[in-house]
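J.: Predicted coordinates and the sequence they were generated for:
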Amino acid sequence: MVDSGKFWDAQAEKYAKQPIANEAAYAATLDRTRYYLEEDQRVLEVGCGTGTTALHLCDSVHEYVGSDISQGMIRIASEKAFERGASNVAFKAAAVGEIANKNTPFDAVLGFNLLHLLPSLDDDLKRIASVLKPGGLFISKTFCGLGPKAPLKWRLMKLALPIMQMLGKAPYVRLRKESELRGQIESHGFEVLEIRHFVTELSVPFIVARKLA
Ligand SMILES: C[S@@+](CC[C@H](N)C(=O)[O-])C[C@H]1O[C@@H](n2cnc3c(N)ncnc32)[C@H](O)[C@@H]1O
């Protein structure tokens, strides 16, 4: 299996240029996430990619940290933040499992389009819970699979995935049913507050979970 950091590093420039696939769903995700954020909060985004979401959301909170396993993604995110003069956001290269902020826990951790890419999801959820304040929120949006209306392009991609992975052209991917993902999040001391679906043709649940005290 291809190394995640190296794979995503190689994708970083291309990823930065890709348009948002579904603008309406993305705007709805941002709006619903903002609903939960407050001006005095510290927020960590894991797997932040090139910082697009961070730069949309950082104005809503006091301090925003974006982290990603790929140095290339973080370099682009940091350049974008500098160009925009975003002063309350910092980007750090780190895998989810490496984040360590137990002394200054976060009010919220965000992880978008990420959980299906993590080979050790249980370990990573444990680490996410450990850096959150009691009552803090874990907000995620995760690709869980193709719905009955999935476009042909996505069906073909799913068929080709194992071959692409063997050739090092696709990352680790593990698709879980929404119910399984929900159960896994709950098993790490979270209660799920809401699940929404902003994308209709694929299964991409937006899940808001609160860390139990
Ligand atoms: C599909 S991209 C999503 C990026 C961004 N969250 C978005 O929604 O556009 C997945 C991101 O997760 C990062 N990633 C993959 N495995 C990771 C890990 N174990 N820890 C932290 N980041 C990881 C990749 O480098 C990549 O930037």
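T.: Now that the structure is in, tell me what you want to look at.

J.: Output the contacting helices and strands for the longest strand anywhere in the chain.
T.: Criterion DSSP state E: the longest strand present in the chain is strand 132-141. The contact analysis (3 or more CB pairs under 8 Å, 6 or more residues apart in numbering; DSSP states H and E) places strand 132-141 against helix 23-36, strand 106-112, strand 206-211. (Glycine included, C-beta is placed from N, CA and C.)

J.: Only the C-alpha atoms, please, for that strand, written as PDB.
T.: Only the C-alpha atoms of strand 132-141 are listed here, as PDB (Å, rounded to 0.1, in the frame of the first residue of the first chain):
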ATOM      1  CA  LEU A 132     -11.200  17.700  22.800                       C
ATOM      2  CA  LYS A 133     -12.700  19.400  25.900                       C
ATOM      3  CA  PRO A 134     -15.500  17.500  27.600                       C
ATOM      4  CA  GLY A 135     -18.600  18.600  25.700                       C
ATOM      5  CA  GLY A 136     -16.400  19.500  22.700                       C
ATOM      6  CA  LEU A 137     -17.600  18.700  19.200                       C
ATOM      7  CA  PHE A 138     -16.300  16.400  16.500                       C
ATOM      8  CA  ILE A 139     -17.800  17.400  13.100                       C
ATOM      9  CA  SER A 140     -17.100  15.200  10.100                       C
ATOM     10  CA  LYS A 141     -18.200  14.600   6.600                       C
END
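
J.: ok so, going back, pick the most deeply packed of the helices and strands packed on strand 132-141.
T.: Burial of those is given as mean neighbour count (mean count of other CB atoms under 10 Å); strand 106-112 ranks first at a mean of 24.

J.: re earlier: following the longest strand of the chain, which helix or strand comes up?
T.: The helix or strand immediately downstream of strand 132-141 is strand 145-146, counting by DSSP states H and E.

J.: contact partners of that following strand?
T.: Contact partners of strand 145-146, identified using CB atoms under 8 Å, 6 or more residues apart in numbering, comprise 154-155, 158, 175, 177, 202-203.

J.: What's the ChimeraX line that selects buried ones from those residues?
T.: Selection of buried members from these for ChimeraX, criterion 16 or more other CB atoms under 10 Å:
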select :202,203
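
J.: Pick out the most distant pair among the contacts of strand 145-146.
T.: Spatially, the most separated pair among the contacts of strand 145-146 is 155 and 177, at 17.7 Å (CB to CB).

J.: Which residue comes closest to residue 80 once chain neighbours are left out?
T.: Closest residue to residue 80 apart from its sequence neighbours, by CB to CB, 6 or more residues apart in numbering: residue 51 at 5.3 Å.

J.: Would you enumerate the residues in contact with that neighbour?
T.: With CB under 8 Å, 6+ apart as the criterion, the residues that contact residue 51 are 66, 73, 76-78, 80-81, 89, 91.
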